[in-house]
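Student: whatever this is, show me its structure:
(one chain, ligands or ions: 1)
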Amino acid sequence: MTKGELIFEGNEKQVFATDHPDQVIFRYKDVMVAYNNVKRARIKGKGALDNQISALLLDYLNRNGVETHFIELLGEKEQLCRKIEIIPLQVVVHNRIAGSLAVRLGVEDGYRNPNTIVDLRYNNDKLEDPFINRDHAVALGLATYQELDGMYNIARKVNDLLFPLFHRAGIELVDMKIEFGRASDTGTIIISDEISPDTCRLWDEATGERLDKDRFRLDLSRVEESYKTVLDRLNQVMIS
Ligand code: C5P
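Tutor: Next up is the predicted model:
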């Protein structure tokens, strides 16, 4: 497999073509952005940590019956992935109400909801990723009702798999964002993009300490160290 031209340059990652028509290479950069790209920093080692954590989680999902775009790790900062057509939606699962949802609903950050909440956002930087509902998504031609049902079901299954996995690592999966795409070879809707401390809220079960991108958003420092803690603990539960 040969690495080809750069086909997408995002804030935090690059995507390269390969000599296989249905495969691409994701390269994670040492860059972190937040608040719709208003806050930005270079964090050495972050790309490698994100790449490895995401690879570990996506591989775990693949092995447990949830199709993702991940194929294999290629190196410290790179992974081979299935090529997809992006569906510009974010499905967000909340096991607790935190962050922007806590502000929107007027409850304290970390409110314990008795039910699992699944939210839908339109992935659109110009509009600042607004919350939308299924009818909006269908009206915009982003997905059919049937496809949305499928994405919600997959999101709940991902949560059912990852919540206990993180729990074994002494980490609470507070919420997470999942993105989907249509696989270029089969047309199936599969999980795309990353699942990592960049896209999840992860709280240390013992101390309540945040181990995710909120450390950067809220200027809590030790971002890289926290991501390393997540990777080390996940690696430990994977081998035990
Ligand atoms: O920002 P908000 O509180 O709505 O985030 C909910 C969850 O979705 C968090 O885990 C956050 O990291 C993730 N998220 C994301 N990308 C965005 C917005 C939120 O990964 N653009």
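Student: you'd agree Ser196 is up against Leu56?
Tutor: No. With contacts counted by Cβ atoms under 8 Å, Ser196 stays clear of Leu56, the gap being 9.4 Å. All C-beta atoms are positioned from the backbone trio N, CA, C, and that covers glycine.
Student: the two: who's more crowded?
Tutor: When neighbours are counted by other Cβ atoms under 10 Å, Ser196 and Leu56 differ, and Ser196 comes out ahead with 27 against 19.
Student: which bits of this structure sit near the ligand?
Tutor: Counting by Cβ under 6 Å from any ligand atom, the residues of the chain close to the ligand are Val92, Gly99, Ser100, Leu101, Asp129, Asp175, Met176, Lys177, Thr199, Cys200, Arg201, Lys213.
Student: all helices for the chain, in order.
Tutor: For the chain, the helices defined by DSSP state H cover 46-63, 99-105, 134-139, 145-168, 214-217, 223-239.
Student: make CSV from those and add mean pLDDT and distance to Lys3 to it.
Tutor: Compiled in CSV, the helices of the chain are given as follows (pLDDT from 0 to 100; distance: least, Cβ to Cβ, whole Å):
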stretch, mean pLDDT, distance to Lys3
helix 46-63, 98, 15
helix 99-105, 96, 36
helix 134-139, 98, 34
helix 145-168, 98, 29
helix 214-217, 97, 29
helix 223-239, 97, 25
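Student: please identify the most buried of these.
Tutor: Among the helices of the chain, helix 46-63 has the highest mean neighbour count (mean count of other Cβ atoms under 10 Å), at a mean of 22.
Student: and that one, what other elements does it pack with?
Tutor: Packing contacts for helix 46-63, counted by 3 or more Cβ pairs under 8 Å, 6 or more residues apart in numbering; DSSP states H and E, involve strand 23-28, strand 31-34, strand 70-73, strand 78-82, helix 145-168, helix 223-239.
Student: tell me which residues touch the residue of the chain found nearest the ligand, please.
Tutor: Of all residues in the chain, Gly99 sits closest to the ligand, at 2.3 Å by Cβ to the nearest ligand atom. Residues near Gly99 by Cβ atoms under 8 Å, 6 or more residues apart in numbering: Asp109, Asp175, Arg201, Asp214.
Student: among these, which lie within strands?
Tutor: Among the contacts of Gly99, DSSP state E puts Asp175, Arg201 in strands.
Student: find the residue at the geometric middle of the chain.
Tutor: The geometric centre of the chain, computed from its C-alpha atoms, lies nearest to Ile195 (Cα atoms, centre = their mean), at 2.9 Å.
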